[in-house]
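Undergrad: structure, please.
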Amino acid sequence: MTSAHNSSTGRRYSGLAAEERTRARRDALLEAALDRFGTAGFAATSVKQICGAASLTERYFYESFRDRQASLVQVYAMLVAEMRQATETAIAAAGSETAVVVRAGLAAFIEYLTEDPRRARIVLIEVVGVSPELEELRHGVLRAFGELIGSVWSTEAGIDPDDERTRLSAIALSGAVNNLLVDWMMTGQRQSVEVLVEVCTTLFLAAAGALRRAE
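TA: Next comes the predicted model:
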């Protein structure tokens with residue numbers, strides 16, 4: 001019975017089974033990649049440097065990732081998922097008044113990126129133009145956040161979430177927030193989070209008002 005149990009669960013080292021060790025190595029590599037891509041940049045980072053930061057050999061890097069770009073894709077996907085969760089949680093807790101919901105969602109989104117400039121650099125700058133695969137993924141993220149904007153607007157009387165103008169306006173605002181934060185990054189991060197949130201909230205509420213008048 002003991003032999004069968006060992007063969008089904010795998011040998012354990014330092015209290016961890018093989019799958020747990022693999023997962024721990026992958027997490028360490030992702031954290032190292034996040035730090036390198038978010039400080040030195042993707043182009044200036046090698047697999048060797050990522051492995052050195054994670055205190056692992058390159059053999060373990062290729063155990064988890066096909067290549068350097070694959071690790072960037074995974075870091076980007078991880079950051080986007082965390083950013084989306086933070087935004088949706090804030091929206092859900094904000095109540096039913098549109099202005100309050102918009103401000104809460106934008107504050108969560110912007111704070112997630114600005115509280116750790118490494119996140120902002122990867123999400124806003126480092127993934128741009130790397131490959132067609134990443135461009136498709138990046139534009140999908142912008143569209144997804146546009147859909148989230150549309151879902152917030154859908155609670156407003158007089159705004160049809162299925163109308164093409166609503167969809168296009170939401171995508172345009174998603175891109176506008178993205179570019180505003182790129183400017184924040186590229187000009188020395190001078191503006192406060194409060195100012196960034198205020199500017200974006202004004203744009204979102206103005207667009208919502210225009211869409212109501214257009215109905």
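
Undergrad: for stretch 39-53, what is the average pLDDT?
TA: The average pLDDT for stretch 39-53 rounds to 98.

Undergrad: helix or strand next in line after the helix or strand in which residue 101 is found, which one?
TA: For residue 101, the enclosing helix or strand under DSSP states H and E is helix 98-114. Once the chain leaves helix 98-114, the next helix or strand it forms, by DSSP H and E, is helix 117-121.

Undergrad: need the contact list for residue 178.
TA: Counting by CB atoms under 8 Å, 6 or more residues apart in numbering, residue 178 touches 124, 142. To be clear about C-beta, it is placed using only N, CA and C from the backbone, and glycine gets the same treatment.

Undergrad: oh, that last question was meant for residue 55, not what I typed.
TA: Here residue 55 is in contact with residue 28 (CB under 8 Å, 6+ apart).

Undergrad: now do the helix holding residue 101: which elements does it pack against?
TA: Contacts defined by 3 or more CB pairs under 8 Å, 6 or more residues apart in numbering; DSSP states H and E place helix 98-114 against helix 68-93, helix 117-121, helix 132-153, helix 164-186, helix 193-214.

Undergrad: could you rerun that using 7 Å?
TA: helix 68-93, helix 117-121, helix 132-153, helix 193-214 (3 or more CB pairs under 7 Å, 6 or more residues apart in numbering; DSSP states H and E).

Undergrad: quick one: closest of those to residue 45.
TA: Closest to residue 45 of those is helix 68-93 (CB to CB; 7.3 Å).

Undergrad: now name the helix or strand holding residue 61.
TA: helix 58-64.

Undergrad: got the contact list for that helix?
TA: 22, 25, 26, 29, 47, 48, 50, 51 (CB atoms under 7 Å, 6 or more residues apart in numbering).

Undergrad: pLDDT on it, on average?
TA: 96.

Undergrad: pull the most distant pair out of the contacts of helix 58-64.
TA: The most distant members of the contacts of helix 58-64, if one measures by CB to CB, are 22 and 48, lying 20.4 Å apart.

Undergrad: show the end-to-end separation of stretch 35-52, please.
TA: Distance between the two ends of stretch 35-52: 12 Å, counting by CA to CA, to the nearest Å.

Undergrad: residues of that stretch that come out buried?
TA: In terms of neighbour count (16 or more other CB atoms under 10 Å), stretch 35-52 has its buried residues at 35, 36, 37, 38, 42, 45, 47, 50, 51.

Undergrad: closest one to residue 117 out of those residues, please.
TA: Among these, and counting by CB to CB, the member closest to residue 117 is residue 38, at 7.2 Å.

Undergrad: list the contacts of the closest one.
TA: Per CB under 7 Å, 6+ apart, neighbours of residue 38: 118, 119, 121, 122.

Undergrad: same question for residue 56.
TA: 25, 28, 29.

Undergrad: assumed it was part of a strand.
TA: No. Residue 56 is assigned coil when assessed by DSSP: H, G, I helix; E, B strand; the rest coil, not a strand.

Undergrad: if I look at the residue most central in space within the chain, how far off is residue 123?
TA: Centroid-nearest residue in the chain: residue 80, 1.9 Å away (criterion: CA atoms, centre = their mean). Here residue 80 is placed at a distance of 7 Å from residue 123 (CB to CB, to the nearest Å).

Undergrad: and residue 159, by the same measure?
TA: From residue 159 across to residue 123, the span is 28 Å (CB to CB).
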